[in-house]
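[1] let me see the structure of the following:
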Amino acid sequence: KTWKGHDPVVHGNIVKIKKVPGATWATVTLDAAVVNSKDGTETVPSIDTTLENFVQFVNDTAHPKENERGYAVHAKRGLCRDGGGDGEKEGSDGGGDDEDGEETDQNREGKRRKLDAAMTIKSPSEICDAIAPMWKQPYEEQLRCKNKEMVRRCAIVICKEIKKNFAKRERESKRNANVKLTPLYEWVKERKGINVKDILPSPQKFFYRNKIELTFGYRYEKIADASVEDDCDNDHESKNIKKIPSVGFMVSGWDGPVASPFCCPHVPSEFCGIAGVLDDFLSSSPLKPYHQKSHKGCWRVLTMRSSVRTKQCMVIVQHAPVDDADILSAEKDRLIKMLVGEVPNPSARDFPDPMVSTGVREEEKDRPRVAVTSIFFQEYAGVSIPPPDHPVQHSYGKEFLEERLGKCTFQISPGAFFQVNTEGAERLYKVVTDAIADDINKKRESNGRNNDEEKNSPDDSNKEKTAEEGEKKQNNDNFDSSTLLFDVCCGTGTIGLTAMSEGIVGKVVGVDISRPAILDARRNAVRNGMMKDVTKDEDSKNEMDKSIGADHEEIVRFIDSRAELVLSSETYKARFNSGPTYAIVDPAREGLHHNVIKALRSAEKIERLVYVSCNPTKTLTRDATMLCAPSTKKYPGLPFKPVSAQPVDMFPMTSHCEMVMIFDRMSKKEYEGKE
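    Model (predicted):
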C-alpha cells in the first residue's frame, strides 16, 4: 500500500498493481510522493522525481524486494501518461521488447471491442438468443437434440469411464499383486450399456418458470444528439446512449446494459409486470443500482417466485448497505406500496416476430392473475451471491409462498430450493416414484411366486405352516408401511412427501444443507398430515427443532446438515428396518460429495438408487462412475449398475434438461461375473 525511499527520504502510496495473466511483469500506479527535507518541511516532487525514487526503492540492492514466491523484483520506468519527463512511449510495458508492446496494443484493442459490444443495444431476438437459445427451433426438434445429447454426452461417457477404470486396475495389478481384478461388467459390454428412454416433454412450453432473478442496472436507449455521463464510473465513452435505471437480464456482461425480460417467452407475465413496477420505482429513486466493478450503489438483485395455482407471488429485493439508513427505509416503504396488490399487466410484450406465430400471445392472455403476497428485503455486502441461509427481512404479507404439487401443498421460504417448472416437476416426480413402485411390485410378485411354489410343494412340512401364511399375507398387504426412503438433498421435502402421499413408501428420512428448506420440509410434513404437529408456536423455531422430527420413531424426519456428515450414521440405522430401503438423490449442479457416495455404496440395504440430475453431462457422469466402479478401500460395498435413464425436459427453449437415472445394486455373483 505504501513505499518509502531513503535518499532523499521520499514516501508515497501505491494506488493499484495490475498483472496481465501469463506475463512476468505488472504495472504499478502511484500517487504523488512527498519529500521530507532535513528541516522538517514536506514538498511534493515532480512526476519524474516520484518515478525515479520509486524505481530506486524497488531496485535498492541494500534492501532487495521479493514477490510472494520469493523471486527478486526489478522495476523500470513505464508509461508517462501526461507526456512529461523521459518516460517511454505509450504502448510500451517499460521493460519489454516490441513484441510485448504489440501484445499490449492487442489487449487494449480487444478490451475496446469488448466494450463496444457491451454498449450495443440488443434486439428482442438477440436477447432471446442469449437467454433461451433454442427458441427458434420447433419444440420437437428441441427434444430430439436434448435426447441425442443425453445419449452422447451422458450415457456413452459413463460406459467409457467405467471401461477406463477397469483398464487402469488391470495396469495396476501388473505392478501390485494386492490389486484384485474383477471381470468387466456384462452391461458395459453391451452396445447400449445404458438404456436412455425418449425424453418426456414439458407440459408447458411458454411461461413455465415459477422463479426468476433479475439484476438491477441500466437499460440503454439511443438518443439523437446527446451524450449522457455514465453513473457507473465506466471509462468507456457512451455517445448517443441514454442510460435508464432498470431491472433485467445480464446478457452483455457487467460492462453492458440489462436486457428487458418482456421479450422472453418463458418468463410469465406477472414477473414482467413486477419488473415494470421496479422500473417506475427506480426512475425516481435517489439510490442507484449497484455496480459490480466499482461496488457502488444500492439495489442489486430482484428475485420473484409465483404460483398460478394458489395465485400468490413473493418478491425479494437484495440491496447493498448504504450510509443513510433513513433514505433506504423510506425507499423500502415506497416500494412496498407500489408492489402490494394484484400484479398489473405488463405493457405490450415485444416477442420476436417468429415467436408471435406460435400462439404465445394467446397463451399469455389465458394465464391467471396473481397478487404480491410476500415482500422481503435482503442486505448483502459481499461480492458474489449470498448463501441460501443468508438472513432476509420480512416486510409484508406471508412469510412463505404456497404451491400445490400433486396431492400435496408445500410452503416455500425465500432461500429454499423448489423446481422452477411446477407442472414439469409433477412429471419428473412421477418418474421417480414409479421407479420405486416398480421395484416394490417386482418384490411382491417374487414373494408371491415363492409362496405359490411352497403351497404346491409335496413337502408335508409346508402343510404345517397354514397358520403362518395368513400372517405373511397381512404383512405383504402392509408392505409399504415398512418401506424406508432416504431423500438426500431433499429441499422442501417435495419428492419424499410426494412418494409418501402416493402410498409408495411408509418412512422418509430427508437431509439437506439448507436450514430454511428443512424447516419448510418439516412444516410441509405437518401440513400434509404426515407428521404430528406437537407445537402450535410457529415462531418458536428452537422448540420446533426439538419437537418436530427429532424422535427417531417418527415416520418422517428431516435433518438440516451436510449429507456427508450424517448419511453414514443414518444408513447404519436402516439395517434394522424390516422393509426394503431406497434412496433418492437430487443434488445441486456440483453433484454428490464423495463421502455421500461412499455411504450409499456401504449401505447394502439400499437396493435401488434414483439419481435426479440437473447437470447430467458433467457431475452425473462423474458420480455414476464412482457408484458403479469396482469395490475399493475408499468405495467399499457392492457397486450399483444403471438400469435405465429417463430425460425430462424442464426447461423448454434452453439446452438444459433433467435426467433421472435408476441404479440397482449388483449381486455378488453378478459382480464376480458368475451370473
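
[2] contacting residues for residue 3?
    Residues counted as contacts of residue 3 (C-beta atoms under 8 Å, 6 or more residues apart in numbering) are 11-14, 54, 57. The way it works is simple: take the backbone N, C-alpha and C, and place the C-beta from them, glycine included.

[3] any idea which of these is closest to residue 215?
    Residue 215 lies nearest to residue 14 out of the contacts of residue 3, by C-beta to C-beta, at 32.7 Å.

[4] using PDB, write down the CA coordinates of the lengthiest strand in the chain.
    Taking DSSP state E as the assignment, the strand of the chain that covers the most residues is strand 211-227. The C-alpha trace of strand 211-227 is given here as PDB (Å, rounded to 0.1, in the frame of the first residue of the first chain):
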ATOM      1  CA  LYS A 211     -39.000 -18.200 -10.300                       C
ATOM      2  CA  ILE A 212     -36.600 -15.800 -12.000                       C
ATOM      3  CA  GLU A 213     -33.800 -13.500 -10.900                       C
ATOM      4  CA  LEU A 214     -33.200 -10.100 -12.500                       C
ATOM      5  CA  THR A 215     -30.300  -7.700 -11.900                       C
ATOM      6  CA  PHE A 216     -30.500  -4.000 -11.200                       C
ATOM      7  CA  GLY A 217     -28.600  -2.000 -13.700                       C
ATOM      8  CA  TYR A 218     -29.100   0.400 -16.600                       C
ATOM      9  CA  ARG A 219     -31.200  -0.100 -19.800                       C
ATOM     10  CA  TYR A 220     -29.700   1.700 -22.800                       C
ATOM     11  CA  GLU A 221     -31.700   3.800 -25.300                       C
ATOM     12  CA  LYS A 222     -30.400   5.700 -28.300                       C
ATOM     13  CA  ILE A 223     -30.900   9.400 -28.400                       C
ATOM     14  CA  ALA A 224     -30.400  11.700 -31.300                       C
ATOM     15  CA  ASP A 225     -27.900  14.300 -30.300                       C
ATOM     16  CA  ALA A 226     -26.900  13.900 -26.700                       C
ATOM     17  CA  SER A 227     -24.300  12.200 -24.600                       C
END
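
[5] so where is the stretch 351-500 of the chain shaky, pLDDT-wise?
    Applying pLDDT under 70 to the stretch 351-500 of the chain flags residues 448-480.

[6] show me the strands in the stretch 101-250 of the chain, by range?
    211-227, 239-248 (DSSP state E, counting those that start in this stretch).

[7] return the most buried member of the ones you listed.
    When you average the neighbours per residue for each of the strands of the stretch 101-250 of the chain (mean count of other C-beta atoms under 10 Å), strand 239-248 leads with a mean of 18.

[8] which neighbours does it have in its sheet, and in what orientation?
    Strand 239-248 has the following sheet partners, assigned by DSSP bridges: strand 211-227 (antiparallel).

[9] the nearest residue to residue 220 once chain neighbours are set aside: neighbouring residues, count only.
    Distance criterion C-beta to C-beta, 6 or more residues apart in numbering; nearest residue to residue 220, sequence neighbours excluded, is residue 257 at 4.2 Å. The criterion is other C-beta atoms under 10 Å. On that basis, residue 257 has 23 neighbouring residues.

[10] pretty sure residue 257 is touching residue 222, no?
    No - when contacts are counted by C-beta atoms under 8 Å, residue 257 is not listed as touching residue 222 (11.6 Å).

[11] now do the shared contacts for the two.
    Shared contacts of residue 257 and residue 222, defined by C-beta under 8 Å, 6+ apart, comprise residue 121.
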